[in-house]
Structures are given as structure tokens and as C-alpha cells.
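A.B. asks: I would like the atomic coordinates for the input below:
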Amino acid sequence: MITAVVLDNGHPDLEKCLDSLWNQTVPVDIIVVAGPNTDVELAQQYGKVTRPIKGYLNARIHGFRKASSEVILSCDSDTIYHPEYAEAALECLKNAGLVRAGTVIPKKETPLGKVEILIFYKLLRLPYDHVLAMRKSVADYLVKTVEFKYGREDIFTYVIKRAIPYKLCENMIAFVDVPTYHFRKLVDGDYTTVVEALSSLL
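C.D. replies: Predicted coordinates for the structure are as follows:
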């Protein structure tokens, strides 16, 4: 069995995200880690809903703790997942402990969004939290080793810090919102968020 751990705080695409996970070609259990603005009634139609947890990192780790499946999909409510996403993850995890979606497509095509996809998803191949799949052993390791922090820090930092090996799985396809807030700020010349992100890795 596979469990999808979905972080949400009232994103308008929550229903589309949950629909995409509910309609996978293989059965997927869904755990929604709620935020203060989550539509709990909607989320409960698709699976279990946890109490609101402060901080992205704390919320995701809390969801991992609740999952008992051998494979865990790390998801966000602003991302839509291809119907064969979970099936592709299962296949790729036969030879790896952690994989990232290798095909990431903007929900809405914009020049800036294409640049962000090219740089961060394709060239740098960063292990973004919302497009990861892992074996339970990797999730358990993260649960035991992360230091709980509030703010925007997520497990992405710990995958990089601890040099946890991960592979790209081209058959895992996800549709994402780009350009993100941080990338727009970077393009506008505001390097604060980039400096913060880099300092968290030191």
C-alpha cells in the first residue's frame, strides 16, 4: 500500500490535488496534514485529516509518523499528480530509497515559470518536498533525525544536508504552480529568501 501525505493550508486546488491522488492507477491512502485554513470537511471525504501543525517541516514529519505504508508520497495541495504517479513511484523505488518526480509541468505556462522549471527542477534537480516518494525506512530516518523548526523550512533541507541519495523518476509526472513567490522575488532582485535558504544548509 502507498500513503500520500498532503500538506494544506487552504489552497484553492486542494480538491483537484486530492482527486488526482484518489484516482491513481494503484490504491493510495491519503493523509491530509491540515493548516488553520484547511477545508476539513472536504479533506475528510478523501482520507484522514490531522490537527493543524505549525511549520512545514513539523507538519510533514507529523504526516510521515501517521503513515504505516511501505511507500510514502510527499505531496502538497497546490500540486496535481498524474494518474500513474504512484505506480511509477513504486517501480522506481525498487532500486532506490528516495525518488523525485522527473517530469514537472507548469499548470499554467508563463515565460518565468518555464525558467524556474528549467533551472531548479531540470538543471539543479532539487529534491522538492511536494514531488518526492520514499520507502518507509527513509521516512523513519527523517522522522528521527530532523530538528523541528517553524517557518518555511522543509525536509528538502535535510535531504541535502545529510546527502541522502535520490534519483529522478521520469515517469512520475506532476503539475505545479510556477513561478513561485520566492522565484519572483529573486527575479525582482530581492535575494533575502535565497540567502536564508542557503544559510539553512550550512
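A.B. asks: could you pull up the contacting residues of the residue nearest in space to the middle of the chain?
C.D. replies: Nearest to the mean C-alpha position of the chain, by Cα atoms, centre = their mean, lies residue 130 at 1.3 Å. Contacts for residue 130 were tallied using Cβ atoms under 8 Å, 6 or more residues apart in numbering; they are 7, 74-76, 78-79, 174, 176. Yep, even glycine has a C-beta here, placed from its N, CA and C like the rest.
A.B. asks: ok, 7 Å please
C.D. replies: Neighbouring residues of residue 130 by Cβ atoms under 7 Å, 6 or more residues apart in numbering: 74-76, 79.
A.B. asks: what's the closest of these to residue 17?
C.D. replies: residue 79 (6.1 Å; Cβ to Cβ).
A.B. asks: could you verify that the residue nearest to the centre of the chain is part of a helix?
C.D. replies: Yes - Residue 130: assigned to a helix according to DSSP: H, G, I helix; E, B strand; the rest coil.
A.B. asks: ok, and the closest non-adjacent residue to it?
C.D. replies: Computed as Cβ to Cβ, 6 or more residues apart in numbering, the closest residue to residue 130 that is not its neighbour in sequence is residue 76, at 3.6 Å.
A.B. asks: so that neighbour sits against residue 7, correct?
C.D. replies: Yes - if you go by Cβ atoms under 7 Å, residue 76 and residue 7 touch, sitting 5.2 Å apart.
A.B. asks: okay, and the common contacts of these two?
C.D. replies: By Cβ under 7 Å, 6+ apart, residue 76 and residue 7 have no common neighbours.
A.B. asks: re earlier: tell me how far the residue nearest to residue 130 lies from residue 154.
C.D. replies: Relative to residue 154, residue 76 is positioned 9 Å away (Cβ to Cβ, to the nearest Å).
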